[in-house]
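>>> Below: sequence and its predicted model.
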Amino acid sequence: MVDAGVSFGVGLLIGGLGLMLGWGLLWLVVGAIGLARQTCGWAIFMSSVSSTAVAGLSMAGVFWMVDSARLGSSALHSGLAGVPLALLVAGFCRLEDGRQIGPAFLEGSRLMLHQLLGGHDEGCGHCHEKPAEEPPCHQKPCYEQSCHEKPCEGKL
C-alpha cells in the first residue's frame, strides 16, 4: 500500500514537472521569437530559459532517483493523470469577478502572446510604415519623468 502511494506521488511529481517543462518550452519559443523581433526583452527570454531548465533538471533528477520497476506501475500512471485532471477541474472554478478560470487563463495567455510577439489584432495593415499623426509621446500614457521635462516637438 505504501509502495502504491509512493508511486502515485512520484507520478504527480513527474506530471507536474512535465507540465512545467512543456509550458516553459512554449514560452521559450515565444520569447526567442519576440527577442528576434525585438518586441520583448531579455528578461522574458531568460525567465523562460530558467523555468525550462529547472523543470528539466528536476524531472531528470526524479527519473534518476526512481526505480525503473516503479515506472511501469499503474499507481504512477494514475498520478501522471492527476495533474491534468486537477487543472481541468480548476478550469471550471470561478474567479472573484464571476468568470471561469479556464477561459480567463486562455484569454490572458492569448493577450500575452500577442503582446510579446507584437501581433496585430486585424492582421498587418502596415501601420508601422505610416507616419504618426501625433508625436509618439502623446499616443500612449507615459509615466517616464524625462519625457515630460522637455516640451514635445509636435505640441507647443
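Yep, that arrived. Predicted model only: the values in this text are computed from it and were never measured. Numbering: from 1, shown residues only.
>>> phi, psi of Arg94?
Here is the backbone geometry of Arg94 (degrees, to the nearest 10): phi -110, psi 150.
>>> Now it. Nearest residue, chain neighbours left out?
Leaving aside its chain neighbours, Arg94 sits nearest to Gln100 (5.9 Å; criterion: C-beta to C-beta, 6 or more residues apart in numbering). Every C-beta, even on glycine, is put in place using the N, C-alpha and C of the backbone.
>>> ok, now His77?
Gly11 (6.4 Å).
>>> Next: Thr52.
Using C-beta to C-beta, 6+ apart, the closest residue to Thr52 is Gly24 (3.5 Å).
>>> Contact partners for the one you found?
Counting by C-beta atoms under 8 Å, 6 or more residues apart in numbering, Gly24 touches 48, 51-52, 55.
>>> Could you check how far the residue nearest to Gly118 when sequence neighbours are not counted is from Leu76?
Nearest in space to Gly118, with sequence neighbours left out and distances taken as C-beta to C-beta, 6+ apart, is Thr39 at 3.5 Å. Distance from Thr39 to Leu76, counting by C-beta to C-beta, to the nearest Å: 41 Å.
>>> higher neighbour count, these two?
Leu76 (22 against 15; other C-beta atoms under 10 Å).
>>> picking that back up, show me what contacts the residue nearest to Arg94?
Residues near Gln100 by C-beta under 8 Å, 6+ apart: 91-94.
>>> re earlier: compare the contacts of Gly24 and tell me which is most surrounded.
Ser48 leads the contacts of Gly24 on contacts (other C-beta under 10 Å) with 22 neighbours.
>>> That residue contacts Gly31, correct?
Yes: counting by C-beta atoms under 8 Å, Ser48 does reach Gly31; the two are 4.4 Å apart.
>>> What backbone torsions are found at the residue most central in space within the chain?
In the chain, the C-alpha nearest the mean C-alpha coordinate belongs to Trp27, at 5.3 Å (C-alpha atoms, centre = their mean). Backbone torsions for Trp27, taken as degrees, to the nearest 10, come to phi -80, psi -20.
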